[in-house]
Every structure is written in C-alpha cells, then in structure tokens.
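J.: pasting a predicted model and its sequence here:
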Amino acid sequence: MIYHSTFVVRGRGFFPLDMLRYDGCHPAFEIDSTRITQEDDTEPRDVTVRRTFGTRSERKAWAPTEGRWRSFGWGVVPFSLATVE
C-alpha cells in the first residue's frame, strides 16, 4: 500500500531545495513549484512564505524532518500533515 502525505512549511530567506531530496517530497501544487523556481536565490527574502509539499511512502506514519527544516529557518506548519491511502 502506498500512502500520500502533504504538509506545509513556512519560512524566510532562501528556500532549502535540498530538503526536497532529504524528505523525499515534491511541491504538491504547480503554484508552489513555480514560486520555488522563480525565487531570486541571490538575496534572502524578507517576507514569510508558505509552500505545500507532498510525498509518497509505504509508511503510513511518515512525517517530515521538522528539526532539519528548522535548521534552515523554515518550519513545518502545525497540524498541516495529512496522510491518505
């Protein structure tokens, strides 16, 4: 069985692209993908932004690595994690 999970992160500054690989996730919506690729990565942003991500896993209890997201200045929005079959 494969489970699909979504979660939202919020943060400031450069978006940590490596977290997509690390957590095995991807932008859940085209708008999030577009915003990530259009962000200027030469200067940190001064505004707080939100991005929604999804993942597929054989583990129903999958969760993003919140401590690692925090280390980049981004946080998983509480109660945003949702998992369905």
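T.: That came through fine. What you see is a predicted model; the values in this text were computed from it and never measured.

J.: which secondary structure elements does the helix or strand encompassing residue 33 contact?
T.: Using DSSP states H and E, the element containing residue 33 is helix 30-38. Counting contacts by 3 or more C-beta pairs under 8 Å, 6 or more residues apart in numbering; DSSP states H and E, helix 30-38 packs against strand 25-27, strand 49-57. (C-beta placed from N, C-alpha, C; glycine too.)

J.: show me which residues of the helix or strand bottoming out on mean pLDDT in the chain are buried.
T.: Lowest on mean pLDDT, DSSP states H and E among the helices and strands of the chain sits helix 30-38, with a mean of 81. If you call a residue buried by 16 or more other C-beta atoms under 10 Å, then helix 30-38 has these buried ones: 32, 36.

J.: neighbouring contacts of that helix?
T.: 15, 17, 26, 27, 49, 51, 52, 53 (C-beta atoms under 8 Å, 6 or more residues apart in numbering).

J.: again with stretch 20-29
T.: Against stretch 20-29 from outside (C-beta under 8 Å, 6+ apart): 6-7, 19, 33, 36, 51-55, 57, 64-65, 68.

J.: which among those count as buried?
T.: By neighbour count, with 16+ other C-beta under 10 Å, those hold 6, 7, 19, 36, 51, 52, 53, 55, 57, 64 as buried.

J.: and which of these is nearest residue 73?
T.: Nearest to residue 73 out of those is residue 19 (C-beta to C-beta; 11.3 Å).

J.: fine, thanks again, bye for now.
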